[in-house]
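A.B. asks: No letters, just coordinates:
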């Protein structure tokens, strides 16, 4: 009769999971949902923790997402004119605290370079009249349709941290940073310059009928901005409002129609909603 070690039961369970994963990888190709089911069961059996599972899930989602899904729209970009003098843009640089700024010519649709905040240091004490175009760096351009996993590889290979997203006509449609991509995997990365207390940082007007709204927007602020009456004791934020309406934590792409609004989840992970698109139905092209 064979002897059984004290940990044989746990070891058998672990071996079973490794066998399942091995069979899946060595057999016929499986879809991502099958893989996630195995990993979800492994999490439930405490073979991987919730944070590890959330990151794996984020990696899988990144392989399916496009740049257009996470880019910062053109109207929200903080830009500097190419012919501006250094002294004229210093207040803007200090106010926003970004490390990189798109440099534009004429309007936001034409980005001609990138200004690195660190490049300003060597000129602040010597020549405040120098023009931005003299110290700007080349701009990296990517199409809206590029997959995020490919973009991340390019960021790493080229040592870029920001790219301008262009539409089919070659005009700037927005920007994307390496931080935006990484947040899809690890969740929101808070920055010391991220503002949470100003309504203007919560709600962004993209057109007369469409808005981008942070899920952390206080529901009272949303009511005041749109003249609605959604606030109750059940939730404090717009994200809480959406979760309450759906009855579960939604994934990207899920929608809620309420009153004259259609809410669409633009960005979410396994822990919470991050960003929503809000469209006025009476102005929508349905």
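C.D. replies: On my side now, so go ahead. All of these numbers come straight from a predicted model, not from anything done at the bench.
A.B. asks: got the contact list for residue 80?
C.D. replies: 89, 92, 93, 101, 102, 103, 104, 115, 132 (C-beta atoms under 8 Å, 6 or more residues apart in numbering). (Glycine included, C-beta is placed from N, CA and C.)
A.B. asks: Out of those residues, which sit inside helices?
C.D. replies: Counted as lying in helices by DSSP state H, out of the contacts of residue 80, are 89, 92, 93, 132.
A.B. asks: Kindly indicate the member of the residues you listed with the most neighbours.
C.D. replies: residue 132 (23 neighbours; other C-beta atoms under 10 Å).
A.B. asks: Contact partners for that residue?
C.D. replies: Residue 132 sits in contact with 80, 81, 82, 83, 84, 85, 86, 89, 103, 113, 115, where contact means C-beta under 8 Å, 6+ apart.
A.B. asks: That one and residue 86: what is the separation?
C.D. replies: From residue 132 over to residue 86 the distance is 7 Å, taken as C-beta to C-beta, to the nearest Å.
A.B. asks: what's the answer for residue 247, then?
C.D. replies: 54 Å.
A.B. asks: Give me the neighbour count for the closest residue to residue 73 other than its chain neighbours.
C.D. replies: Nearest non-adjacent residue to residue 73, counting by C-beta to C-beta, 6 or more residues apart in numbering: residue 174, 4.8 Å away. Using other C-beta under 10 Å, residue 174 has 22 neighbouring residues.
A.B. asks: Which strands or helices does the longest strand along the chain pack on?
C.D. replies: If you go by DSSP state E, the chain has its longest strand at strand 107-116. Packing partners of strand 107-116 (3 or more C-beta pairs under 8 Å, 6 or more residues apart in numbering; DSSP states H and E): strand 100-105, helix 132-135, strand 172-177.
A.B. asks: one step back: hmm, which two among the contacts of residue 132 are most spread apart?
C.D. replies: 85 and 113 (15.5 Å; C-beta to C-beta).
A.B. asks: Let's see the pLDDT reported for residue 236.
C.D. replies: Per-residue pLDDT puts residue 236 at 87.
A.B. asks: hmm, who's touching stretch 240-257?
C.D. replies: Contacts of stretch 240-257 (C-beta under 8 Å, 6+ apart): 61, 65, 69, 215, 219, 222, 230, 234-235, 258, 262-268, 270-273, 276, 281.
A.B. asks: between the helices and strands packed on strand 107-116, which one is nearest to residue 145?
C.D. replies: Evaluated with C-beta to C-beta, those place strand 172-177 nearest to residue 145, the distance being 11.1 Å.
A.B. asks: Could you check the angle the closest one makes with strand 107-116?
C.D. replies: 30 degrees (axes from the mean of the first three to the mean of the last three C-alpha atoms, to 10 degrees).
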